[in-house]
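Colleague: Have a look; sequence and predicted model below, questions after that.
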Amino acid sequence: MAHQPMNVNDFVEQAGGNGPCIAFLTPPATPVVPPDGVELRTVDGARIPTLKALFDVFAAAWHFPAWFGRNPAAFDDFMCDLDNMIDVALGKPPARGYLTEVTNAHLLFVDQPDVLPWFSRHVVIYRDYYRDQASPTAAFGLLLTAPDANLDEVRAQWAAAGAVAVTDIV
């Protein structure tokens, strides 16, 4: 489903409801600044050519514990536990949202492209978890950045993977 382009604040607001939870943006001149109360982690898609690499890079970015099992079920568990790992463990107030920015998104899963449909579906599952089950509720979203020359390729890859709830950040 296509959505109207929006800014980061509107994206977070809508990702906390039934709006898009995956957004494309061209690399900004300055780093993405999340709205107040939103946790943001940035990872490099060039470091995520495979599913195993996704587990390693996200585990480092979101501070998964050492005993993280590095498999799809464990990844799902930890992606749905960011509120405890970030808010409770660090003594922070509950976050309004959790965003992961993937730079060089055109290189994401370059060695294992069959993983993209799985990941695309699970981003929506995580959004739905934070919206429907987390207490307090929060937004969850994925921001995909790529050079201008590669952004259409990234859009096409995610569309072919069946990505839903997608928009553009302006």
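Modeller: Looks like it came in fine.

Colleague: Going by C-alpha atoms from here, please, whenever you check contacts or count neighbours.
Modeller: Noted.

Colleague: List the buried residues for the lengthiest helix in the chain?
Modeller: The longest helix of the chain (DSSP state H) is helix 116-132. Neighbour-count burial for helix 116-132, with 16 or more other C-alpha atoms under 10 Å as criterion, is recorded at 116-117, 119-120, 122-131.

Colleague: so what does that helix touch, helix or strand wise?
Modeller: helix 72-79, strand 139-145, helix 148-160 (3 or more C-alpha pairs under 8 Å, 6 or more residues apart in numbering; DSSP states H and E).

Colleague: what is the rounded mean pLDDT of it?
Modeller: What helix 116-132 shows for mean pLDDT is 97.

Colleague: The most centrally placed residue in the chain and Val115, how far apart?
Modeller: Nearest to the geometric centre of the chain sits Leu142, at 2.6 Å (C-alpha atoms, centre = their mean). Remark: distance between Leu142 and Val115 (C-alpha to C-alpha, to the nearest Å) = 16 Å.

Colleague: Assign a three-state SS to the residue of the chain most remote from its centre, would you?
Modeller: Most distant from the centre of the chain: Gly91, at 23.0 Å, with distances by C-alpha atoms, centre = their mean. Under the three-state scheme (DSSP: H, G, I helix; E, B strand; the rest coil), the conformation of Gly91 reads as coil.

Colleague: and if you look at Pro27?
Modeller: The three-state assignment at Pro27 reads coil, by three-state DSSP.

Colleague: Check the gap between the residue nearest to it when sequence neighbours are not counted and Pro31 for me.
Modeller: Nearest residue to Pro27, sequence neighbours excluded (C-alpha to C-alpha, 6 or more residues apart in numbering): Thr145, at 5.6 Å. Distance of Thr145 to Pro31, computed by C-alpha to C-alpha: 11 Å.

Colleague: any idea how far the residue nearest to the centre of the chain is from Ala66?
Modeller: Distance from Leu142 to Ala66, by C-alpha to C-alpha: 24 Å.

Colleague: Equivalent analysis for Pro20, please.
Modeller: From Pro20 to Ala66 the distance is 32 Å (C-alpha to C-alpha).

Colleague: Between these two, point out the one with more neighbours.
Modeller: Pro20 (26 against 9; other C-alpha atoms under 10 Å).

Colleague: Next up, phi/psi of that one, please.
Modeller: phi -70, psi 150 (degrees, to the nearest 10).

Colleague: if I read this right, it contacts Thr167, doesn't it?
Modeller: Yes. Between Pro20 and Thr167 there is a contact under C-alpha atoms under 8 Å: 6.1 Å.

Colleague: for this protein, which spans come out with low pLDDT?
Modeller: Where the chain drops to pLDDT under 70, the residues are 1-4, 28-30, 165.

Colleague: Thanks a lot, catch you later.
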